[in-house]
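Visitor: Provide a 3D model corresponding to the input given below.
(chains A and B, ligands or ions: 2)
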Amino acid sequence: MEEPEKSSLDRRSFLKVAATSGAALVASTQALTAQQPAPAGAVAAPAGMAAQGVAETTVEVLSEERHGSDFMMDVLKPLGFDYVTINPHSDSGGLQESIINYTGNKNPELITCLHEEAAVAIAHGFFKIEGKPLAALIYSSVGLQHASMAVYSAFCDRVPVYLLLGNSIENPNSRSAQDPVGMARDFTKWDDSPVSLSHFAASAVRAYSVAMTPPQMPVAITVDKSLQEDRIPAGTKLHIPKYTPNTAPQGDSAAVAEVARLLVSAEFPVLAVERAARTAAGLKYIIELAELLQAAVVDTIQRMNFPSRHPLSQESSVLRTADVVLALEHPLLSRSSLKPGAKLISISSFDLFTRSNYWHFGKYQEADVPIAADAEATLPALIEQVKRLITSDRRIAFAARRVKLAEAHQKSRERDRVLASHGWDSSPISTARIAAELWEQIKTKDWSLVSRSDGMSDWAWKLWDFERYYHHIGQSGSVGIGYSNPAAVGAALANRKYGRLSINLQNDGDLMFQPGTLWTAAHHKIPMLTVMHNNRSYNQEVMVVARMAAERNRDISRCHFGNVFDKPHIDYAQLARSLGWYSEGPIDNPRELGPAIRRALAVVERGEPALLDTITQPN
Amino acid sequence: MNHFVVCRVSGKLVIEAMLFLLVMLLAIPSATVQAQQPALSQAAPSAETIAKGKQNFVTYACYACHGYFGQGAETGPRIDTSRRTLAAFVSFVRKPGRAMPPYRTQSQISDSALAEIYAFLKSVPPPPDPNSIPLLNTK
Ligand SMILES: Cc1ncc(C[n+]2csc(CCOP(=O)(O)OP(=O)(O)O)c2C)c(N)n1
Ligand SMILES: [Mg+2]
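Guide: Ligands and ions are numbered 1, 2, ... in the order given. Below is the predicted model of the structure:
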């Protein structure tokens, strides 16, 4: 692992930085001259402060020892990237060298990735825990081509990833591209290809601001090789714009008042939540609103929106009985899942930014009260309005509603418990058994599920007590296979500094898209427990082809072609071991599972990754 | 364009008519299974029959939705053989509800292969009482 190092260049001799302070901005005025030593690893502002904003800065270059990419780091570092995921290439060697030697490979630190798709997906997973984007430094042409599915997943999942794309346009080579982001422009929010350093500074700060403003999405800055490598003439003064975060767009107050009236007077309102909780605050607001109204909550769990064991958490079938449905960041909720005549309210930032080509949206929603705004930012005002309208009569009705919902919740939990017992002792191991065995050993720890929860028939969601925002990172956004393993590593990287136990339930098919990511986790000492959902197949596709053959009156027994991993079976324990992980398996006896989990957790608690290859039932 | 639409519609009608005929024809052999093979549903099937049924359950992809022992999953429910006679089991698989793909023809799966599956599923012990499983009784 590359140790974070201090800068080997003495920046004091050629650099002068002046930062103007402002309210809520990082308030340090620095003039880095030969007389005043620069704080190690810091240039204009301490890293990690971008959430509050960053002060404007003027950099005066005093000698010719400075290169364009050094200045680029002066711009990027205050934005607070903890890490830069990288797959190296000659066209951003300048920037890579500046990250290593100019800013000392610390805030940001390089994360070595063996594929660009992993570089972006790691950043995706990291954001979902930390709420801070990572930069991914990749080759503009061949690298972005590899990365594109991961960029698309982040776009669908409303996750900002900051792409830095090395290109060589002034002195083109065989991998140069005139407009490299063109191929990803349908699923990025903004991009630019700066032609000068001051242009870089302005666009780099703008890109950050655009990415972080809801709806949050990936952005790309193409960095030219010559611009990185050329020396900056002595006496050059360069301006770094200040960054003040945008406030998120809130719903119109009259419309919000109308929504409150509809919800309070509804007989059976349902909150349908998808990417509603952008942050931990969103989770708190949704609980507050649901409890004020004693309303059912139906969650697609794309974010940790609502606690899994909350009595108001209900099955999606309740949507059919609702007279008023409040869809929060849920543009895919279809009217056809509601009863005729039900009022559909939508608060979503979806229409505030979208693209035409890739359909990560579904049918047009036909909401009765559509509010184009960020749901999380709108909830506090809605909660206030609802509070104002609740009368004591309504409160009595709400309390009765809660009793019924709590009963229904309890019933479905009991049903799940019975279903979990089916195949309890079977080999291959049932996915419910895996979830239950894990829960027994993690429930008293500070845990975080860093994978999709929908892989193993949702058993983790059904059996574990998801309560805190970091307990779950939600699903992938695009359902692009190959997302889960690197996103889990990114989320585990974010959990590391909190000492949280990261659990990854890993589908076999997904793992094999980016197996090299295992090495990245071992190399960077990212502790996590990966438990395989090794059904030795693309089981979803087995079902698809079986259905297809059945409907066409053809041979169903041939549905395994192209879909199963046999002859040979893949040995994930051996694979993981070769890439630096502790591993055990294949484990197909359910009785061996508990002790194996115990041994693996001991390894993870020492700070290393561990994998259990469990041979599982198909779903 | 119009020409194509007409062709597609009429083609679909032809297929549907054929399927209807097929289903009608198949209803007969599956009914005779019970008449001809009462032994399979009453006498204890041989270990060999059960082993064949277990293999068939994989070969014909039943496991992909129902699990290797028919224990059920999100994608297909637990198959409870006490709910159906062999004949009813066979006719369900040949003409299930919308959620399960239909195994309509003998060439897709023979009645005898289905009878073996039925025998295998009958041999699967019932699931344990969840109250007897400590891990399903914790907080
Ligand atoms: C990039 C990509 N390629 C193909 C697919 C189609 N696809 C959907 S599910 C699936 C199988 C995934 O296998 P695995 O992760 O092992 O899960 P399982 O189906 O076995 O539960 C595939 C290939 C996809 N969603 N994304
Ligand atoms: Mg699989």
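
Visitor: going forward, measure contacts and count neighbours with C-alpha atoms only.
Guide: Will do.

Visitor: Tell me, domain by domain, which residues of chain B belong where.
Guide: Taking automatic domain parsing as the criterion, chain B consists of the domains B:1-35, B:45-123.

Visitor: Could you tell me the least trusted of these?
Guide: Per-segment confidence across the domains of chain B bottoms out at domain B:1-35, which has a mean of 33 in mean pLDDT.

Visitor: if I look at residue A:483, how far off is chain B?
Guide: With distances defined as Cα to the nearest Cα, to the nearest Å, the gap from residue A:483 to chain B amounts to 22 Å.

Visitor: wait, what's in contact with the closest residue to that residue other than its chain neighbours?
Guide: Residue nearest to residue A:483 in three dimensions, not counting chain neighbours: residue A:121, with 6.1 Å by Cα to Cα, 6 or more residues apart in numbering or on different chains. When the contact criterion is Cα atoms under 8 Å, 6 or more residues apart in numbering or on different chains, the partners of residue A:121 are A:150-151, A:154, A:483, A:486-487, A:490.

Visitor: Name the nearest of those residues relative to ligand 2.
Guide: For ligand 2, the nearest member of the contacts of residue A:121 is residue A:483. The distance, counting by Cα to the ion, is 13.9 Å.

Visitor: would you list the contacts of residue A:121 in TSV and tack on distance to residue B:51?
Guide: Conversion of the contacts of residue A:121 to TSV gives the following (distance: Cα to Cα, whole Å):
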residue	distance to residue B:51
A:150	44
A:151	48
A:154	47
A:483	39
A:486	41
A:487	42
A:490	45
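
Visitor: and these, which of them are in helices?
Guide: Using DSSP state H, the members of the contacts of residue A:121 that fall in helices are A:150-151, A:154, A:486-487, A:490.

Visitor: Help me confirm that residue A:198 comes into contact with residue A:240.
Guide: Yes. Counting by Cα atoms under 8 Å, a contact exists between residue A:198 and residue A:240, whose distance comes to 7.4 Å.

Visitor: Comparing the two, which shows the higher neighbour count?
Guide: residue A:240 (27 against 18; other Cα atoms under 10 Å in any protein chain shown).

Visitor: Can you give me every residue that contacts the residue of chain B found nearest ligand 1?
Guide: Shortest chain B-to-ligand 1 distance, computed as Cα to the nearest ligand atom: residue-wise this is residue B:64, at 9.4 Å. Under the criterion of Cα under 8 Å, 6+ apart, the contact partners of residue B:64 comprise A:539, A:542-543, A:618-619, B:58.

Visitor: Need the phi and psi values for it.
Guide: The main-chain torsion angles of residue B:64 are listed as degrees, to the nearest 10 and equal phi -60, psi -30.

Visitor: Likewise for residue A:509?
Guide: Dihedral angles (degrees, to the nearest 10) for residue A:509: phi -60, psi -40.

Visitor: which residue sits closest to it, ignoring its sequence neighbours?
Guide: residue A:538 is the one closest to residue A:509 (Cα to Cα, 6+ apart), at 5.9 Å.

Visitor: Looks like that neighbour contacts residue A:566 (just checking).
Guide: No. With the criterion set as Cα under 8 Å, residue A:538 and residue A:566 do not qualify as a contacting pair; they are 11.4 Å apart.

Visitor: and the two? which has more neighbours close in?
Guide: When residue A:538 and residue A:566 are compared for neighbours, residue A:538 comes out ahead with 19 against 9, by other Cα under 10 Å.

Visitor: Identify the residue spatially nearest to the closest residue to ligand 2 within the stretch 351-500 of chain A, adjacent ones excluded.
Guide: When distances are taken as Cα to the ion, the stretch 351-500 of chain A reaches nearest to ligand 2 at residue A:455, 8.9 Å away. Leaving out its chain neighbours, the residue that sits closest to residue A:455 by Cα to Cα, 6+ apart is residue A:507, at 6.7 Å.

Visitor: what sits opposite that neighbour in the beta ladder?
Guide: Beta-bridge partners of residue A:507, counted by DSSP bridges, are residue A:533.

Visitor: Burial check on it, number of neighbours?
Guide: The local packing count at residue A:507 equals 25, with neighbours defined by other Cα under 10 Å.

Visitor: Which residue comes closest to residue A:564 once chain neighbours are left out?
Guide: Of all residues not flanking residue A:564 in the chain, residue A:537 sits nearest, at 4.0 Å (Cα to Cα, 6+ apart).

Visitor: err, residue A:574, not the other one
Guide: Counting by Cα to Cα, 6+ apart, residue A:583 is the residue found nearest to residue A:574 once chain neighbours are left out, at 7.5 Å.

Visitor: Helices along chain B, start to end?
Guide: Per DSSP H, chain B has helices spanning B:2-36, B:38-42, B:47-59, B:62-66, B:86-94, B:111-123. These are given in chain order.

Visitor: hmm, back to that, so which of the contacts of residue B:64 also contact ligand 1?
Guide: Residues shared between the contacts of residue B:64 and the neighbourhood of ligand 1 are residue A:539 [Cα under 6 Å from any ligand atom].

Visitor: And the pLDDT for residue A:190?
Guide: If you check residue A:190, the pLDDT there is 98.

Visitor: For it, give its distance to chain B.
Guide: Counting by Cα to the nearest Cα, the gap between residue A:190 and chain B amounts to 40 Å.

Visitor: coming back round to it: these two touch, right, the residue nearest to residue A:455 and residue A:537?
Guide: No. With the criterion set as Cα under 8 Å, residue A:507 and residue A:537 do not qualify as a contacting pair; they are 9.2 Å apart.

Visitor: Name all residues that make contact with the nearest residue to residue A:472 once chain neighbours are set aside.
Guide: The shortest distance from residue A:472 to any non-neighbouring residue, by Cα to Cα, 6+ apart, is to residue A:449 (4.9 Å). Contacts here follow Cα under 8 Å, 6+ apart; on that basis residue A:449 touches A:470-473, A:502-505.
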